[in-house]
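J.: My questions are about this predicted structure, shown below with the sequence.
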There are 2 protein chains.
Amino acid sequence: MREFGFDLIATDGAARMGRIETAHGVIDTPAFMPVGTAGTVKATTPEMVAETGAQVILGNTYHLMLRPGVERVERFGGLHTFMNWPGPILTDSGGFQVMSLTELRKLTENGVEFRSHIDGAKHHLTPERSVEIQHRLGADITMVLDECTQFPATEEQAFESMQLSMRWAERSKAAFVQRLGYGLFGIVQGSIYPDLRAESVVLLREIGFDGYAIGGLSVGEGQVAMFNIVEETAARLPEDRPRYLMGVGKPDDLVGAVERGIDMFDCVLPTRSGRTDQAFTRMGQLNMRNARHRDDPRPLDPACRCYACAGYSRGYIHHLVVAKEILGMMLLSWHNLTYYQDLMRDMREAIYTGGLNAFKAQFATTQEAGDLAPV
Amino acid sequence: MREFGFDLIATDGAARMGRIETAHGVIDTPAFMPVGTAGTVKATTPEMVAETGAQVILGNTYHLMLRPGVERVERFGGLHTFMNWPGPILTDSGGFQVMSLTELRKLTENGVEFRSHIDGAKHHLTPERSVEIQHRLGADITMVLDECTQFPATEEQAFESMQLSMRWAERSKAAFVQRLGYGLFGIVQGSIYPDLRAESVVLLREIGFDGYAIGGLSVGEGQVAMFNIVEETAARLPEDRPRYLMGVGKPDDLVGAVERGIDMFDCVLPTRSGRTDQAFTRMGQLNMRNARHRDDPRPLDPACRCYACAGYSRGYIHHLVVAKEILGMMLLSWHNLTYYQDLMRDMREAIYTGGLNAFKAQFATTQEAGDLAPV
């Protein structure tokens, strides 16, 4: 079994290129993690996901604990075996979904009590319970339970919330069973208040984690505010641990956050967009329902190496999405995940060669046309 | 370019094993054709379909002429290129769907006038127009336009309808452009009346076709009546041409029809069942929504070689279908298509070795348990 660890291989300004070692394999960073909410990255097979270049996926503790249930996943040999994904898996703590998907929830010092959005059954989630569930799912990377601070929040609300998350982080650390190849990440909170973020970092570093996430962003604060918090927070985090910006984001969010020192990302955007007729390309975003694509023989993105771009025209994909064919969702999800992975790979290469600024300038020019470009 | 043709390689009783040569490749018979209604075999990629062993797929003229339109498919280089399926394609005439999917249709000697079920636009379908559309789609095998006789029908209704279909068959033949590697099939009608079926065969043989289909069955007459018509009709068809039973059917329908001399089949059942939680297996049919599967670590069918059975448990697939995940539909469609192709391959081998009776006895024992079997 490998030791869980992070090697920083190269830097370019604040940007970092590195490698995480986990029980189920390596993760080259900066890395984008496709989201496999309910034990599947929607509309794809694990082989398709691996073919895009993804090395790690994210699983949602909230969804899996409710259905099929952690005991069941455990009996099947853990999440890797259950869903047939042999590579690393990061699981979230479940806290974010409890707050966003459930009603009648009750937050106390001990944890959160809620009713399932599926069948109304009552559940408790505490820091200890969340860590135990993630252990039993077999997660390579476990996230501490935190309270994702509501937005907007006053500084006092944000302080109280952050303090609760820090107490939960300490309890999560105490509950985490150290095993070779498995890591536990803390989560920085503090809303848009730099002092609170800084205090959160100090408290988490005192506890000590295998990696540090920045939570509570991309919730409505806007990209400028997000980048400011990311920049100031990343600068305070230890150099020798991976940094993960949770739930982010659009392609330009990723570029800006990598530039500011982030190593890991997750987001439903490439797959959700793939199921709602959207394609990310080097010529901007395309809405494949748009009739302008119906006679277009070009692939989604001529520079893309993915299965969808190798064999299918925009006209055919337009036809599939208009006819509501499942293959349309499959091809667009596959393509979008490939686009995201190629973006990360290009950024890793740019950082390694000291060319991130040039990459960024080039990237900006690729994002301007999309559906507005002439056919 | 290959000559379109059929080689009869072996027989076992009335059952036949052979090979069809087409412009886009060979088809080993008895063959099952997955249905690609709107230019995609639903919830699969063409590579998945090929991996199941399928050598030919069916395209629906009615759907394709309405959306994306034959001119558009033609501009993309034909249906093979448009949908990225390099193998043989058989297209139906569109007649069946006009009768089953449209309202306000008007049937005359010349053809049928109807309104699109998609946008209400008015269309005409005549024997000449149907053959032309299929030519422009690039079909390896073109079907004549016929009237699928309603069921039940009096003998007089069935006679009138069959006579109309025979006049349309003659016009279809006259309209068909002979090209190396491309074939035209006639369609026997006559409802459940053996004399009408016999007369239809005589009339079609006088016109002369590259293959002969039996239409208007599996419409409510029951398996016994269907097998009787199939047996009597197949016996009158020329030995040196392939015989195609349209729209059939369940696994035991295929076995009984092969036994009676049928070479080709098409049916939406394996893919439609795959999208509605059903699995065909050597232990009978399984409803994967059934809670009895939720802790079952076995694959759908331990004797199956498909991707779904190689990597996924019944418990996981149960989870996917309950969670309404697209991957559930993908895996079940892939598996069901493989089950159908394995059934055809096993029958081809049995016929070649003179063992079809033994195969049939063995097959019957595999279809009895399904969801009723002990876990």
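T.: On my side now, so go ahead.

J.: Just list the residues touching A:Glu232, thanks.
T.: Under the criterion of C-beta atoms under 8 Å, 6 or more residues apart in numbering or on different chains, the neighbours of A:Glu232 are A:Pro194, A:Arg197, A:Ala198. Where C-beta positions appear, they are placed from N, C-alpha and C, glycine not excepted.

J.: and if we set it to 7 Å?
T.: A:Pro194, A:Arg197 (C-beta atoms under 7 Å, 6 or more residues apart in numbering or on different chains).

J.: so how far is B:Arg115 from it?
T.: As defined by C-beta to C-beta, to the nearest Å, A:Glu232 lies at a distance of 64 Å from B:Arg115.

J.: what about the closest residue to chain B within the stretch 101-250 of chain A, is that helix, strand or coil?
T.: As assessed by C-beta to the nearest C-beta, chain B sits closest to A:Ile118 within the stretch 101-250 of chain A, at 9.1 Å. A:Ile118 falls in the coil class when you classify it by DSSP: H, G, I helix; E, B strand; the rest coil.

J.: Quick check: closest non-adjacent residue to it.
T.: Distances taken as C-beta to C-beta, 6 or more residues apart in numbering or on different chains put A:Leu66 closest to A:Ile118, at 5.5 Å, once the chain neighbours are dropped.

J.: in terms of contact, does that neighbour touch A:Lys122 like I think?
T.: No. Contact between A:Leu66 and A:Lys122 fails when scored by C-beta atoms under 7 Å: they sit 11.4 Å apart.

J.: Spell out which parts of chain A neighbour chain B.
T.: Chain A comes close to chain B at residues A:38-40, A:42-43, A:45, A:67-68, A:72, A:75-76, A:82-84, A:294-295, A:297, A:311-313, A:315-316, A:319-320, A:322-323, A:325-327, A:329-330, as judged by C-beta under 7 Å from any C-beta of the partner chain.

J.: Hmm, A:His124 and A:Phe114 touching each other?
T.: No. Assessed by C-beta under 7 Å, A:Phe114 is found out of contact with A:His124, at 8.1 Å.

J.: Of these two, give the one with the bigger neighbour count.
T.: Relative neighbour count places A:Phe114 above the other of A:Phe114 and A:His124, with 24 against 12, counting by other C-beta atoms under 10 Å in any protein chain shown.

J.: For the helix or strand containing the more buried one, what does the pLDDT average out to?
T.: Per DSSP states H and E, A:Phe114 falls inside strand A:112-115. On average, the pLDDT along strand A:112-115 is 94.

J.: who touches A:His135 in this structure?
T.: Here A:His135 is in contact with A:Thr142, A:Val177 (C-beta under 7 Å, 6+ apart).

J.: ok, A:Gln157 to A:Ala15 distance?
T.: Distance of A:Gln157 to A:Ala15, given as C-beta to C-beta: 33 Å.

J.: who's more crowded, those two?
T.: A:Ala15 (26 against 13).

J.: so what's the more buried one up against?
T.: A:Ala15 neighbours (C-beta under 7 Å, 6+ apart): A:Val258, A:Glu259, A:Gly261, A:Ile351, A:Leu356.

J.: which outside residues touch stretch A:202-220?
T.: Residues outside stretch A:202-220 that contact it (C-beta under 7 Å, 6+ apart) are A:4, A:141, A:143, A:146, A:148-149, A:151, A:166, A:169-170, A:173, A:183-189, A:191, A:226, A:229-230, A:233, A:237-238, A:241-249.

J.: Please compute how far it lies from its chain's middle.
T.: When C-alpha coordinates are averaged (C-alpha atoms, centre = their mean, to the nearest Å), stretch A:202-220 and its chain have centres 14 Å apart.

J.: same check, this time on stretch A:314-332
T.: Counting by C-alpha atoms, centre = their mean, stretch A:314-332 comes out at 26 Å from the chain centroid.

J.: ok, which stretches of the stretch 201-350 of chain A are helices?
T.: A:223-236, A:251-259, A:269-275, A:307-311, A:314-322, A:326-352 (DSSP state H, counting those that start in this stretch).

J.: is the spatially most central residue of chain A in a bridge, and if so with what?
T.: Centroid check for chain A by C-alpha atoms, centre = their mean gives A:Asp266 as the closest residue, at 1.0 Å. When assigned by DSSP bridges, A:Asp266 has beta-bridge partners A:Met33.
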